[in-house]
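Undergrad: Please find the sequence and the predicted model below.
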Amino acid sequence: MLLPFFPAGLLFWAAKPGNSEAILTFGWLLYGVLCVAILSSQRRLLFYLFYAVLVSLLLTNVAGCHHILKGLSQIH
């Protein structure tokens with residue numbers, strides 16, 4: 001149900017108010033392009049490079065989601 005909002009953690013790092021849909025779309029496209037690049041890479045170095053970028057973005061996403069949820073938990 002919340003899968004379309006998966007790249008929402010990237011919003012914390014790059015969003016300006018009002019363009020959250022663009023960041024979500026860009027996040028999904030970026031994840032998709034990186035996955036295709038990983039699956040189609042035939043050189044080991046490129047595979048590891050694309051994989052490192054994907055993992056870095058996923059960690060950034062998780063950190064952003066954690067920060068957003070931490071802020072939401074303080075709302076009463």
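TA: Cool, the structure landed.

Undergrad: Check which helices and strands the helix or strand harbouring residue 33 is in contact with.
TA: Element membership for residue 33, per DSSP states H and E: helix 20-40. Contacts defined by 3 or more CB pairs under 8 Å, 6 or more residues apart in numbering; DSSP states H and E place helix 20-40 against helix 8-14, helix 44-73. (Each C-beta comes from the backbone N, C-alpha and C, glycine too.)

Undergrad: So which of these is the most surrounded?
TA: Among these, helix 8-14 has the highest mean neighbour count (mean count of other CB atoms under 10 Å), at a mean of 18.

Undergrad: what stretches of the protein score poorly on pLDDT?
TA: 1-20, 72, 76 (pLDDT under 70).

Undergrad: mind listing what residue 34 touches?
TA: 50, 53-54, 57 (CB atoms under 8 Å, 6 or more residues apart in numbering).

Undergrad: Show me which of those residues is closest to residue 36.
TA: Among these, residue 50 lies closest to residue 36 (CB to CB), at 9.4 Å.

Undergrad: how close does the closest one sit to residue 22?
TA: 23 Å (CB to CB, to the nearest Å).
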